[in-house]
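> All I have is the shape, not the residue letters:
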């Protein structure tokens, strides 16, 4: 830094001016100073400046960390509040499963004719085309056997009841 | 001034700032100390204000727009820091404007680094009795050796008004000093 070199030269001239300055203040105004005050003061000032600089660096590092953390929190909050469609809901159950579970809990497995009918239809989907006629025939026979069994049971019940006959 | 503009460049350059600031400190430390000391009076207070001044200069360097000379800008910061200190002191002591000359003398006499004899005390009494602005103008010109245009910029006062005030104060002090010197000679 050649410009600073020139300034250093200028400073040598300033020494004599400063000596006069000290003398003027002491003689005219009676203002005195502790010994070596300026050397000590220079160190104190440079120390303060260094502390201020390091505090600024830490503060800027802290603020960077703060903004990263804040950005992270903002993303989490926005995901939980707006629930974008592309993200699966934790512990979510497909509706087909939950419906089935509900039905089983409320009505038991195949508790109604409707259920049995739908079971029959579902099972029929997996039956080979060549055997489908046999499967249907069997199902019809089974159905009629059940109907007959129920009819017989009802007739027996009625026969035992003294109020009917 | 080419030197000053180069020096300012170094101060504004982040890489060169630290070494340039050390040079600035060497150049202005003593002058600013005496400038501040005459406003706040005690050595201890001047030391505090001087440190704050340089810290503020360092912090404000990136924002230095070169609308004034570097010297005026630096003195302006020192002046503002001194006034801020005095305002704080006034708040602490709940002092009014009437007490200012009394406060001036009390601060001066209680300072361990005041070593004035009778004649110096009388000069201080004279200075304390002056309106604050007139006293500052006189001190900045006579003791700090600042130019009239620099003082005008610093205090935001018209240069001609400032010159008139200065010469009026000089006459007043000279007249009183002569009387004081004559008085002290008759006492010996």
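Noted; the coordinates are in hand. Keep in mind it's a predicted model, so treat the numbers as computed, not measured.

> For residue A:49, report the pLDDT, please.
On pLDDT, residue A:49 comes in at 89.

> In contact with it, which residues?
B:21, B:54-55, B:58 (Cβ atoms under 8 Å, 6 or more residues apart in numbering or on different chains). Just so you know, the C-beta spots here come from the backbone N, C-alpha and C atoms, and that holds for glycine as well.

> For residue A:126, what are phi and psi?
Torsion angles at residue A:126 (phi, psi; degrees, to the nearest 10) stand at phi -90, psi 0.

> Distance check, it against residue A:25.
Per Cβ to Cβ, to the nearest Å, residue A:126 is found 110 Å from residue A:25.

> Looking at the two, which one has more neighbours?
Counted by other Cβ atoms under 10 Å in any protein chain shown, residue A:126 and residue A:25 do not tie: residue A:25 has more neighbours, with 18 against 7.

> Ignoring the adjacent residues along the chain, who's closest to the more buried one?
residue A:31 (4.6 Å; Cβ to Cβ, 6 or more residues apart in numbering or on different chains).

> Got phi/psi on that neighbour?
Dihedral angles for residue A:31 - degrees, to the nearest 10 - are phi -90, psi 120.

> Just name the shakiest helix or strand of chain B by mean pLDDT.
Least confident helix or strand of chain B, by mean pLDDT, DSSP states H and E, is helix B:100-110 with a mean of 76.

> Look at residue 69 and report its pLDDT.
Looking at chain A here, since you left the chain open. At residue A:69, the pLDDT value in this model is 80.

> oops, chain B please
pLDDT for residue B:69: 91.

> likewise the one 5 residues further on?
We note a pLDDT of 96 for residue B:74 in this prediction.

> what sits against it?
Neighbour list for residue B:74: B:24, B:28, B:32, B:57 [criterion: Cβ under 8 Å, 6+ apart].

> count of residues packed around the last one?
Each residue near residue B:57 was counted by other Cβ under 10 Å, and the total is 24.

> returning to what we had before: any idea what the residue nearest to residue A:25 is bridged to?
residue B:114 (DSSP bridges).

> From residue B:120, how far out is it?
Per Cβ to Cβ, residue A:31 is found 9 Å from residue B:120.

> More neighbours: the two, which one.
The neighbour comparison of residue A:31 against residue B:120 (other Cβ under 10 Å) goes to residue A:31, with 26 against 18.

> quick one, what contacts the more buried one?
Contacts of residue A:31 (Cβ under 8 Å, 6+ apart): A:25, B:34, B:37-38, B:43, B:113-116.

> And for residue B:34?
Neighbours of residue B:34 in contact, by Cβ under 8 Å, 6+ apart: A:21-22, A:25, A:31, B:143-144.

> what do you get if the cut-off is 10 Å, keeping everything else the same?
If you count contacts by Cβ atoms under 10 Å, 6 or more residues apart in numbering or on different chains, residue B:34 has them with A:18, A:21-22, A:24-25, A:29, A:31, A:33, B:46, B:50, B:139, B:143-144.

> what do you get for residue B:175?
residue B:126.

> Regarding it, which helix or strand does it belong to?
helix B:159-187 (DSSP states H and E).

> next one: that helix to chain centre, how far?
Distance, stretch centre to chain centre, for helix B:159-187: 19 Å (Cα atoms, centre = their mean, to the nearest Å).

> now that helix: mean pLDDT?
Averaged across helix B:159-187, pLDDT comes to 81.
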